[in-house]
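Visitor: mind folding the following:
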Amino acid sequence: MRLAALCLALLTALPALAAEREVVPGAGRLSEAIAGADPGDVLILSDGAYPGPVTIDRALTIKGPEAAVIDGMGQGTVITISAADVVLEGFSVTGSGAVNEDLDAGVKILKGADRVQILGLTLYDNMHGIDVHGGRDAQVIGNRITGRQNLHMNARGNGIYVWNSPGTLLDSNEIRYGRDGIFSNASASSIYRGNIMRDLRFAVHFMYTQRTEVSGNISIGNHLGFAIMFSDRAKILNNLSLGDREHGLMLNYANNADVTGNLIRGGTKKCLFIYNAHKNLIWSNRFQGCGIGIHFTAGSERNVLTGNALIGNQNQVKYVGTRFMEWSHEGRGNFWSDHPAYDLNGDGIADGSYRPNDLMDHILWSTPSAALLTGSPAVQLIRWSQSSFPATMPGGVTDSHPLMQPLAIPVPPAVEAMESAVAARWTTGNYDDIDPDDLTSH
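Guide: Residues are numbered from 1 along each chain as shown. Predicted coordinates:
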């Protein structure tokens, strides 16, 4: 008797087997199916329109083909997820509202909606694409997000917005148009990798984000590539910034970052901008074809720069200050394409040190009108004197152990084709409404 009672108790404690339910298109059909489903059920959509908005308040899987379209009809967020363990896969989401202050989005993941998976969706014509807004351990993988273009860029929404959502994984998403590709705000302990972002303000934008990895991402033709601001312990690894306009990478009040293996190339005013950023390790990156290779300013301290390659930049370094900065570490410096170096002992380290700036550079940067004197005999005499007598040089950047060979960072042919398509973007045409003077304070 006791055994029978125990068996009955175990059976009643087991959850009901998940059921697959087909949902036909039509107004209200998806909301009805959600209301009638048990946790763990799978709702299968077919080609056609599913007018929304809808809220998912239980652990469900909803999947369908791209031609199955959930349409918010311009009202708020299209799909709001308030339950944990929800999976969305394959279909299309469009038609959110247009109120940026309310973060109208294609998909919104609320606090408490943990372990949500957003897989392979096509999202278009939404204010924000996906808003991870408090849910932990979300996985946003392989989605195609196309933002709006009918507003000024600063008034548009982001492709993916992550707010206070630790453990978020953003992997292999394609994001185009809108404002920022990925905007991470007040979040931590996440991974953003393998995403392609084009035609945006910032590809990746950090504000108050801690212990988060940005790796293997591609930024092409954006106003700014990777903006790491007011953040700590970021890992910026093996990313590409190709043909971005203002900066490839900006460290603004960013501390303790590991910046490694990144390629920043072409079209950019500044490959790397370091502004009031401290204790960052910047090594084995390639900065190529920018107006300024590295702009270093605002009292940044205890940064280590080693193993980088600065190639063909109009100015390799811009540093306005009187302090002496050593840009080598443990006998290994950086490669400088304009350094006519010798290596008589063949150890891969140049025999002479490298100074990227002289006194006249400091004068020209602090007093631009002095550029009228650049070709004068007096200026040439000062520059010759400083090159012949280094003791007369003011404080500034020195690389005491410059490298003889640059590192190479390959770019896949398909990505090079996208880079070529935007090669002349910033020389002609309209730059939208971006004010570069606001970039460090936004």
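Visitor: I'd like the mean pLDDT over stretch 190-201, please.
Guide: Stretch 190-201 shows a mean pLDDT of 98.
Visitor: element containing the closest residue to residue 290 other than its chain neighbours?
Guide: Using Cβ to Cβ, 6 or more residues apart in numbering and skipping residues adjacent in sequence, the residue nearest residue 290 is residue 271, 4.0 Å away. (C-beta placed from N, C-alpha, C; glycine too.) Using DSSP states H and E, the element containing residue 271 is strand 270-275.
Visitor: mind listing what's buried along the helix or strand just after that strand?
Guide: Moving toward the C-terminus from strand 270-275, the next helix or strand (DSSP H and E) is strand 281-283. Buried residues in strand 281-283, counted by 16 or more other Cβ atoms under 10 Å: 282-283.
Visitor: packing partners of strand 281-283?
Guide: Counting contacts by 3 or more Cβ pairs under 8 Å, 6 or more residues apart in numbering; DSSP states H and E, strand 281-283 is packed against strand 258-260, strand 304-306.
Visitor: any chance of those strands in JSON lines, plus mean neighbour count, distance to residue 176 and mean pLDDT?
Guide: JSON lines is the format used below for the helices and strands packed on strand 281-283 (neighbours: other Cβ atoms under 10 Å; distance: least, Cβ to Cβ, whole Å; pLDDT from 0 to 100):
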{"stretch": "strand 258-260", "mean neighbour count": "20", "distance to residue 176": "26", "mean pLDDT": "98"}
{"stretch": "strand 304-306", "mean neighbour count": "20", "distance to residue 176": "33", "mean pLDDT": "97"}
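Visitor: in a markdown table, list the ones you listed along with distance to residue 128.
Guide: A markdown table is the format used below for the helices and strands packed on strand 281-283 (distance: least, Cβ to Cβ, whole Å):
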| stretch | distance to residue 128 |
| --- | --- |
| strand 258-260 | 28 |
| strand 304-306 | 36 |
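Visitor: which other residues reach the strand holding residue 271?
Guide: Strand 270-275 has contacts (Cβ atoms under 8 Å, 6 or more residues apart in numbering) with 241, 246-253, 264, 280, 282, 285, 287-288, 290-298, 300, 303, 310, 313, 318, 440.
Visitor: buried among these? Make that a ChimeraX selection.
Guide: Here is the ChimeraX command that selects the buried residues among these (16+ other Cβ under 10 Å):
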select :241,246,247,248,249,250,251,252,253,264,280,282,285,287,288,290,292,293,294,295,296,297,300,303,310,313,318,440
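Visitor: quick check, pLDDT for the nearest residue to residue 72 once chain neighbours are set aside.
Guide: Residue nearest to residue 72 in three dimensions, not counting chain neighbours: residue 78, with 3.5 Å by Cβ to Cβ, 6+ apart. On pLDDT, residue 78 comes in at 98.
Visitor: what does the one 3 residues further on give?
Guide: With respect to pLDDT, residue 81 scores 98.
Visitor: tell me the bridge partners for residue 235.
Guide: Per DSSP bridges, the residues bridged to residue 235 are residue 213, residue 258.
Visitor: which residues does it contact?
Guide: With contacts defined as Cβ under 8 Å, 6+ apart, residue 235 is in contact with 212-215, 257-258, 260.
Visitor: now the strands for the stretch 301-442 of the chain?
Guide: Under the criterion DSSP state E, counting those that start in this stretch, strands of the stretch 301-442 of the chain are mapped to 304-306, 309-311, 315-319, 325-326, 335-336, 397-398.
Visitor: between strand 270-275 and the longest one, find me the angle.
Guide: To tie it back to what came earlier, the one meant is strand 315-319. 10 degrees (axes from the mean of the first three to the mean of the last three Cα atoms, to 10 degrees).
Visitor: what's strand 315-319 packed up against?
Guide: With contacts taken as 3+ Cβ pairs under 8 Å, 6+ apart, strand 315-319 sits against strand 292-297, helix 359-366.
Visitor: circling back: send the alpha carbons of the strand holding residue 271 over as PDB?
Guide: Output of strand 270-275 as PDB, limited to C-alpha atoms (Å, rounded to 0.1, in the frame of the first residue of the first chain):
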ATOM      1  CA  LYS A 270      42.100  58.100 -34.600                       C
ATOM      2  CA  CYS A 271      42.800  54.400 -34.500                       C
ATOM      3  CA  LEU A 272      43.000  54.400 -30.700                       C
ATOM      4  CA  PHE A 273      41.800  57.300 -28.400                       C
ATOM      5  CA  ILE A 274      42.900  56.900 -24.700                       C
ATOM      6  CA  TYR A 275      41.200  59.500 -22.500                       C
END
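Visitor: avg pLDDT for that strand?
Guide: Here the average pLDDT along strand 270-275 is 96.
Visitor: again, but for stretch 213-225
Guide: What stretch 213-225 shows for mean pLDDT is 98.
Visitor: please renumber the chain so that the first residue is 461 from this point on.
Guide: Sounds good: first residue 461 from here, last item stretch 673-685.
Visitor: just the terminal-to-terminal distance for that stretch.
Guide: Counting by Cα to Cα, to the nearest Å, you get 15 Å between the two ends of stretch 673-685.
Visitor: same question for stretch 792-803.
Guide: Stretch 792-803 has an end-to-end distance of 14 Å (Cα to Cα).
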